[in-house]
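Peer 1: show me the folded form of this:
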Amino acid sequence: MALRCEILVEGRIGSRLVDILDGFEVREVANGRSRLVGTLADRSALRGALGRLDDFGINMVSLTTSPDDDRTSPDVDDDR
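Peer 2: All right, here's what the predicted structure looks like:
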């Protein structure tokens, strides 16, 4: 199941790292932090993204996830 993710991290995320964090939009917020927002395919993809942050020594402040209700399949029958 797809997950909508919001990750708050310490520091500013440079353009080279944005390319590595495929699928995330980066927003700078107050106090020298950055907010990463995106949709990932599943929990395994989330673990991979968190691992990449860890590989680069980026400290996570918070993580919020929710099911991505905006993704719909054209094969789904809405009359059920």
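
Peer 1: and the next helix or strand past the longest helix belonging to the chain?
Peer 2: The helix spanning the most residues in the chain, taking DSSP state H as the definition, is helix 43-55. Where DSSP states H and E defines the elements, the next helix or strand beyond helix 43-55 is strand 60-67.

Peer 1: ok, residues contacting that following strand?
Peer 2: Strand 60-67 is contacted from outside by 1-10, 33, 46, 50, 53, using C-beta atoms under 8 Å, 6 or more residues apart in numbering. Using the backbone N, CA and C atoms, a C-beta is placed for each residue, glycine as well.

Peer 1: ok, now stretch 1-16?
Peer 2: Under C-beta under 8 Å, 6+ apart, the answer for stretch 1-16 is 21, 24, 26, 28-29, 32-43, 45-46, 49-50, 53, 58-68, 70-71.

Peer 1: what do you get if the cut-off is 7 Å, keeping everything else the same?
Peer 2: If you take C-beta atoms under 7 Å, 6 or more residues apart in numbering as the criterion, stretch 1-16 is touched by 26, 28, 32-43, 46, 53, 58-68, 71.

Peer 1: please export the C-alpha coordinates of the lowest-mean-pLDDT helix or strand in the chain as CSV.
Peer 2: Lowest mean confidence among the helices and strands of the chain (mean pLDDT, DSSP states H and E): helix 15-20, at a mean of 81. The C-alpha trace of helix 15-20 is given here as CSV (Å, rounded to 0.1, in the frame of the first residue of the first chain):
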residue,chain,number,x,y,z
SER,A,15,20.4,19.8,-4.5
ARG,A,16,22.6,16.7,-4.9
LEU,A,17,20.8,15.0,-2.0
VAL,A,18,17.4,15.9,-3.4
ASP,A,19,18.3,13.9,-6.5
ILE,A,20,19.0,10.8,-4.3
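
Peer 1: which parts of it are buried?
Peer 2: Residues Leu17 are the ones in helix 15-20 that count as buried (16 or more other C-beta atoms under 10 Å).

Peer 1: from the chain's centre, how far out does it sit?
Peer 2: Mean-position distance between helix 15-20 and its chain equals 13 Å (C-alpha atoms, centre = their mean, to the nearest Å).

Peer 1: equivalent analysis for stretch 58-72, please.
Peer 2: 6 Å.
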